[in-house]
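**Q** build me a structure from this.
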Amino acid sequence: MNYARMGRSNAMVSRICLGTMHFGTSATKEESFRIMDKALDMGINFFDTANVYGRSAGHGTTEKIVGEWFKQGGGRREKVVLATKVYGQMTDEAAPNEERGISRYKIRKHCNDSLQRLATDHIDLYQVHHIDRTISGEEFWGTFEQLEREGKILYVGTSNFPGWGLTKFQSIAHQRGNIGIVSEQAQYNLLSRYPELEVIPAAQDSGIGLMPYMPLGGGLLTGKKRSEQGSRTAEVEKEYGLPIDQTKQLAQFSSLCSEIGEKEHVVAIAWVLANPAVYSAIVGARTVAHLDGLERAASISLSADVTSRLSEIFNINHGRPLGSGPAPEAFAW
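**A** Numbering: from 1, shown residues only. Below you'll find the model as predicted:
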């Protein structure tokens with residue numbers, strides 16, 4: 001397994017991050033334990049979760065499973081760089097201070113709840129799950145700085161932030177003498193290159209590392225046949241708005257992978273990791289078998305010719321690939 005610095009921080013993490021969203025829903029607790037054991041054996045030391053994961057089984061279910069795994073001992077917690085998130089609603093019914101968004105009141109409460117579920121005294125990377133357009137910079141950073149002083153969190157990260165959001169909150173952090181945002185988590189893959197327009201340039205300019213989620217496009221880039229109704233991939237197509245009719249492109253993609261002797265999921269992840277803004281890619285696993293080939297994806301380098309051909313295949317705008325460069329050049333002169 002290869003390692004890199006966790007964005008703006010000096011902490012080292014595996015270039016593959018284990019995504020735990022399926023724990024407690026698509027993966028049983030027992031299978032989740034096996035996945036985490038295998039990941040650690042493979043050298044994956046970076047785990048990502050969120051307080052809202054496990055919705056159908058109950059809010060916080062995924063964090064509880066991770067916490068129960070830590071409780072087994074064997075240095076598990078000490079070997080893992082742990083990331084979780086705050087923003088979503090953790091109650092079934094609407095209630096004051098529980099709606100989507102963040103506040104000093106909510107962050108402190110949800111942080112303490114996550115620590116209890118995760119059976120740990122600190123969170124290594126505490127991420128804001130989505131941009132809150134109403135919170136002030138003073139409340140945002142005042143809250144996270146206090147949690148840092150208390151030793152409950154080490155670093156602050158974001159997820160699903162626009163470029164202007166990264167720039168705004170990073171500039172405020174620097175004015176306060178704070179290290180600021182070290183990492184941004186965004187959906188980024190061959191079928192979804194939107195971050196190249198604004199998010200990646202803003203992140204690089206602000207010294208923020210990128211950790212993409214869904215590098216496999218929810219399963220579309222694994223070489224599987226057309227997604228079946230009711231499958232996770234079909235859910236992703238609907239939920240995330242990924243292109244539905246990609247039959248020709250995916251066939252060309254599989255052909256190219258076969259030509260160079262690599263599995264589709266290995267090439268898709270390697271392409272994401274090749275971006276200099278990316279330090280780690282999140283791969284969500286539902287079974288132990290889903291971890292196969294991840295070491296290869298973290299170690300290979302795609303040739304310039306292969307990279308060029310991938311861009312040609314996924315030229316989804318039929319003129320210039322959406323996200324073929326930063327804004328405004330990607331869509332204007």
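**Q** for stretch 295-309, give me every contacting residue.
**A** Outside of stretch 295-309, the residues within contact range by CB atoms under 8 Å, 6 or more residues apart in numbering are 1-2, 14-16, 42-43, 256, 260, 262-263, 265-267, 269-271, 273-274, 281, 310. Where C-beta positions appear, they are placed from N, C-alpha and C, glycine not excepted.
**Q** 6 Å instead, please
**A** Residues outside stretch 295-309 that contact it (CB atoms under 6 Å, 6 or more residues apart in numbering) are 1-2, 15-16, 256, 266, 269-270, 274.
**Q** look at the closest residue to D92 other than its chain neighbours and say how many residues are nearby.
**A** Leaving out its chain neighbours, the residue that sits closest to D92 by CB to CB, 6 or more residues apart in numbering is H59, at 7.9 Å. By other CB atoms under 10 Å, the residues close to H59 number 19.
**Q** sorry, back to before: just the contacts of stretch 295-309: which are in helices?
**A** Under the assignment DSSP state H, the contacts of stretch 295-309 contribute 256, 266, 269-270 to helices.
**Q** most neighbours, which of those?
**A** Most neighbours among the ones in helices among the contacts of stretch 295-309, by other CB under 10 Å: I269, with 26 neighbours.
**Q** pretty sure that one is touching M214, no?
**A** No. Between I269 and M214 there is no contact under CB atoms under 6 Å: 10.8 Å.
**Q** before we move on, the earlier item: TSV for the contacts of stretch 295-309, including pLDDT and distance to S114?
**A** Shown next, in TSV, are the contacts of stretch 295-309 (pLDDT from 0 to 100; distance: CB to CB, whole Å):
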residue	pLDDT	distance to S114
M1	93	26
N2	96	29
R15	98	25
I16	97	23
L256	96	42
V266	96	33
I269	97	28
A270	97	32
A274	96	33
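**Q** tell me which two in those residues are the farthest apart.
**A** The most widely separated members of the contacts of stretch 295-309, counting by CB to CB, are M1 and L256 (25.6 Å).
**Q** contacts for stretch 74-89?
**A** 13, 45-50, 52, 70, 98-100, 102, 107, 110, 114, 120, 123-125, 127-130.
**Q** just the buried residues out of these, in PyMOL syntax.
**A** Restricted to buried positions by 16 or more other CB atoms under 10 Å, the PyMOL selection for the contacts of stretch 74-89 reads:
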select buried, resi 13+45+46+47+48+49+50+52+70+98+102+107+110+114+120+123+124+125+127+128+129+130
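**Q** narrow the contacts of stretch 74-89 to those in strands?
**A** 13, 46-48, 123-125, 127-128 (DSSP state E).
**Q** quick check: buried residues in stretch 193-213?
**A** Buried residues in stretch 193-213, counting neighbours by 16+ other CB under 10 Å, are found at 193, 195-203, 206, 208-213.
**Q** cool, stretch 55-72 as well?
**A** 55, 59-67, 69-70.
**Q** quick one: the strands in the stretch 101-250 of the chain?
**A** Secondary structure of the stretch 101-250 of the chain (DSSP state E, counting those that start in this stretch): strands at 123-128, 153-159, 181-185, 209-210.
**Q** with distance to I35 and mean pLDDT added, can I get the ones you listed in a markdown table?
**A** Below are these laid out as a markdown table (distance: least, CB to CB, whole Å; pLDDT from 0 to 100):
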| stretch | distance to I35 | mean pLDDT |
| --- | --- | --- |
| strand 123-128 | 19 | 98 |
| strand 153-159 | 22 | 97 |
| strand 181-185 | 20 | 97 |
| strand 209-210 | 24 | 98 |
